[in-house]
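Kindly generate the corresponding structure for this input.
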Amino acid sequence: MNQSVTTSFKQAFESALPLTSSPLVQCITNEITVESMANALLYIDAKPVMADAVQEFPEFFAQNNALLLNLGHISPEREKSLLAAGSFAAETHTPVVVDLVGVSATQLRYELGHQLLANHPNVVKGNISEMRRFSGLKSTGRGVDGSQLDQSPAAFSELAEALKQLTRRFPATTFLATGQTDLVVSAHGQWRLENGVLQLDRFTGTGDIVGALIAALLGVGLTNDAAVVVAVSYFNCCGEVAAAENTGGLASFRERTLDQLSLLATHQDWIQKVKGQAL
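Now for the predicted structure:
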């Protein structure tokens, strides 16, 4: 029988949230979701700083505990900032999450993502369609959205194998592909995560928030795999609780989901809601 994720990461689930310290997470991200990401970090007692000016990097990298690099808005200046931050993080041994937003849509993002991967970040994430494109498989994603066609059982298994091949070249990196079922692949194992509700696909920034949560957990010392599994499971459980309580539309569902970021961890039994298994 496959081992459950709560068994695999028992100590991480029991001790990670609520946070026992307030990591400073530097985010280089897009303007669309920057406010949601900053507040999401504050809701779990982390500290965000949205600093992307290269001139400030020496001072910020002397203070921060983790770095999030999000490809959601690309410009010539942002590209330089992302690459410079990735290099600073490698030099200073700062934990890094790379979020491959839109990498299945344009060649520029695809190439930029691989340039950032060359620095061996702790975590590389994207939706299933983005991760298929990034790992060299056919992707039917459009824009920054994943495609249901990329989430069949056969496609899921194909992606798991492709990401496993990537871990042989980048053994220090954990790869996360999000979708109806989330896939985590590292040199240490593979896990499928099964929490979540469809409404989470219908407000912007959910993937960006997950990237920020992962960075925060890396910033307090969790391993790559544990940070990914706990962050994804926690956010999806927040969505499940919000959906069960919501009597309004999507705007109120969004508000309830964000509310749960500060509430769910105060209930020790939230861990019982986690669904997923080692592959």
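
which residues of this structure fall in strands?
Here the chain has its strands, by DSSP state E, at 24-28, 47-49, 66-70, 96-99, 123-127, 174-178, 182-186, 189-193, 276-278.

List the buried residues of the fourth one.
Within strand 96-99, the residues that count as buried by 16 or more other C-beta atoms under 10 Å are 96-99. (C-beta placed from N, C-alpha, C; glycine too.)

Provide the strand pairings for it, with the direction of each partner.
Neighbouring strands of strand 96-99 in its sheet, by DSSP bridges, are strand 66-70 (parallel), strand 123-127 (parallel).

nearest to residue 8, of those strands?
Comparing the strands paired with strand 96-99 against residue 8 with C-beta to C-beta, the closest turns out to be strand 123-127 (16.9 Å).

So what touches the closest one?
In this structure, residues lying in contact with strand 123-127 by C-beta atoms under 8 Å, 6 or more residues apart in numbering are 96-101, 103-104, 113, 116-117, 131, 134, 141, 144-146, 173-179, 207, 210-211, 214, 218, 224, 227-228.

filter those residues to the buried ones?
Neighbour counting by 16+ other C-beta under 10 Å classes 96-101, 103-104, 113, 116-117, 131, 134, 141, 144, 146, 173-179, 207, 210-211, 214, 218, 224, 227-228 among the contacts of strand 123-127 as buried.

show me the residues around residue 31 that make contact.
By C-beta under 8 Å, 6+ apart, residue 31 lies in contact with residue 73.

For residue 204, see how far away it is.
When distances are taken as C-beta to C-beta, to the nearest Å, residue 31 and residue 204 turn out to be 12 Å apart.

Which strands and helices lie in contact with the top helix by length along the chain?
The single longest helix within the chain, with elements called by DSSP state H, is helix 224-245. Using 3 or more C-beta pairs under 8 Å, 6 or more residues apart in numbering; DSSP states H and E as the contact definition, the elements that helix 224-245 packs against are helix 5-8, helix 10-15, strand 123-127, strand 174-178, strand 182-186, strand 189-193, helix 206-219, helix 250-263.

how about a cut-off of 6 Å?
In this structure, helix 224-245 packs against strand 174-178, strand 182-186, helix 206-219, helix 250-263, with contacts taken as 3 or more C-beta pairs under 6 Å, 6 or more residues apart in numbering; DSSP states H and E.

right, and these - which one's nearest residue 164?
When those are compared (using C-beta to C-beta), the closest one is strand 182-186, at 5.8 Å.

strand partners of that closest one, parallel vs antiparallel please.
For strand 182-186, pairing defined by DSSP bridges yields strand 174-178 (antiparallel), strand 189-193 (antiparallel).
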